[in-house]
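Asker: Following is a predicted model, sequence given first.
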Amino acid sequence: MPVNRFRWFYHPVFIFIFSIVALAASLALYIYWYIEVSTGLAAVIQRYQLDPSQFLEVQTWVVILVLCILMAIILTGVFIIFIYNQKTQQLYRMQRNFINSFTHELKTPVTSLKLYLETFAKHDLPREDRLRYIGFMIHDVDRLLDNINRIMDLARIESGSYRKEFVETDLVDAVERFRLSNADLFRNAEIRVHNPPGVALRGSVIPPLFDMFLMNILTNAVKYNQSGAPAVDIRFMPRGRELQLRFEDNGIGIEKSEIRNIFKKFYQVGSTDDMTAKGSGLGLYLARQIAKIHRGRLTAESKGAGKGSVFTLTLPLRAIEG
């Protein structure tokens, strides 16, 4: 109990404030002492008519100014160390949440696979039941592969080893090809691509990374969705020499206080303590890094909880053909 009662005394914020106050008090006391001594010495010089150059120099205030500058440098250093410590603590908490959530993401399908395999080993099941269970197992394996691939993609992107040649392509066709080739992954969702009629929108992309971007954005829209029929509208909106790809979903939405955090590495909406957080906290972080590699930017907006979200990818536009 005594340790918990005084835990605030060891908090970094308290130590930082205490250090600032101590430094400021030291500077104030030193200046006060310096002025008092100088005043007393000046009175002695005047009383006994001594030579001031032997006792006082004109540099009194210069010394004080230098001391103030040095104190400001010290305070700046302490402040930087404090900010760095806070960011380190925040990153540690996010990594801990990621480990807890990612462990859950791995443990759940592995436990499910073990249960199905034990069922196969103990019982002679009809073919229909076997096929149904195999389908469940394939789904669990896909879930494991998805998490593992995200970790591998993160390592490649951050190390710079994932950079490949840019290819100029029709972005509408690229999105359509991705939607058709991954239709089985989003069979329970409706993904609609709205193409400006008679217009070919060309941009320079790295195809594997662009597909990874689409996978993360669409998976996020379907995963964080409590409606009976998840839907995503993809709209292409030319803006001068740029092209905006807007991904509008009917998901759970985003609180305004969360929008600035959702692109951070390991950040998850919800609490890992009660298991309301989903995924690995890497999908949107990877999506934004891919946007930066393509010299673009990714932003998010939402009208609030339960009102869906809009993710906008802005890319340089090479050409518009009629």
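Answerer: Received the coordinates, thanks. Numbering: from 1, shown residues only.

Asker: Show me how far the helix ranked longest in the chain is from its chain's centre.
Answerer: Criterion DSSP state H: the longest helix present in the chain is helix 60-122. Put simply, helix 60-122 sits 12 Å off its chain's centre (Cα atoms, centre = their mean, to the nearest Å).

Asker: angle of whichever helix or strand comes after that helix against helix 60-122?
Answerer: Downstream of helix 60-122, the next assigned helix or strand under DSSP states H and E is helix 127-159. Going by axes from the mean of the first three to the mean of the last three Cα atoms, to 10 degrees, helix 127-159 is angled at 160 degrees with respect to helix 60-122.

Asker: Renumber starting at 495 from here on
Answerer: Renumbered: residue one is now 495, and that last one reads helix 621-653.

Asker: what's the next helix or strand along the chain from helix 621-653 packed up against?
Answerer: Next along the chain after helix 621-653, taking DSSP H and E as the criterion, comes strand 661-664. On a contact count with 3 or more Cβ pairs under 8 Å, 6 or more residues apart in numbering; DSSP states H and E, strand 661-664 meets strand 694-699. In this view, the C-beta of every residue, glycine as well, is placed from N, C-alpha and C.

Asker: List the buried residues of the strand it packs on.
Answerer: L695, R696, G697, S698, V699 (16 or more other Cβ atoms under 10 Å).

Asker: tell me the contacts of the last one?
Answerer: Taking Cβ atoms under 8 Å, 6 or more residues apart in numbering as the definition of contact, the neighbours of V699 are F660, V661, T663, L665, A668, H788, L809.

Asker: before we move on, what about the first one?
Answerer: Counting by Cβ under 8 Å, 6+ apart, L695 touches D664, L665, V666, F730, P732, L737, L811, I814.

Asker: which two in these are spaced the farthest apart?
Answerer: With Cβ to Cβ as the measure, no two of the contacts of L695 lie farther apart than D664 and P732, at 13.3 Å.

Asker: Between those two, which has more neighbouring residues?
Answerer: Each of D664 and P732 has its neighbours counted (other Cβ atoms under 10 Å); D664 has more, 16 against 13.

Asker: Quick check: the more buried one touching N689?
Answerer: No: counting by Cβ atoms under 8 Å, D664 stays clear of N689, with 9.9 Å between them.

Asker: any idea how far D640 is from D634?
Answerer: 11 Å (Cβ to Cβ, to the nearest Å).

Asker: Next, count neighbours for A518.
Answerer: What A518 shows, counting by other Cβ under 10 Å, is a neighbour count of 12.

Asker: oh sorry, the question was meant for V693
Answerer: Number of residues near V693 (other Cβ under 10 Å) recorded here: 12.

Asker: can you pull the contacts of the closest residue to F630 other than its chain neighbours?
Answerer: Setting aside the residues directly before and after it, F630 is nearest to Y610 in space (Cβ to Cβ, 6 or more residues apart in numbering), at 6.4 Å. For Y610, the contacting residues are Y627, F630, M631, by Cβ under 8 Å, 6+ apart.

Asker: which element is L807 on?
Answerer: L807 is part of strand 803-810 when elements are defined by DSSP H and E.

Asker: ok, which stretches of the stretch 695-816 of the chain are strands?
Answerer: 725-733, 736-743, 791-796, 803-810, 813-815 (DSSP state E, counting those that start in this stretch).

Asker: Let me see the mean pLDDT of the last one.
Answerer: Same thing as strand 813-815. If you average the pLDDT over strand 813-815, you get 48.

Asker: same thing with the longest one?
Answerer: For strand 725-733, the mean per-residue pLDDT is 90.

Asker: Same check on stretch 740-757?
Answerer: Per-residue scores along stretch 740-757 average to 86.

Asker: and what of stretch 530-546?
Answerer: For stretch 530-546, the per-residue pLDDT averages 68.
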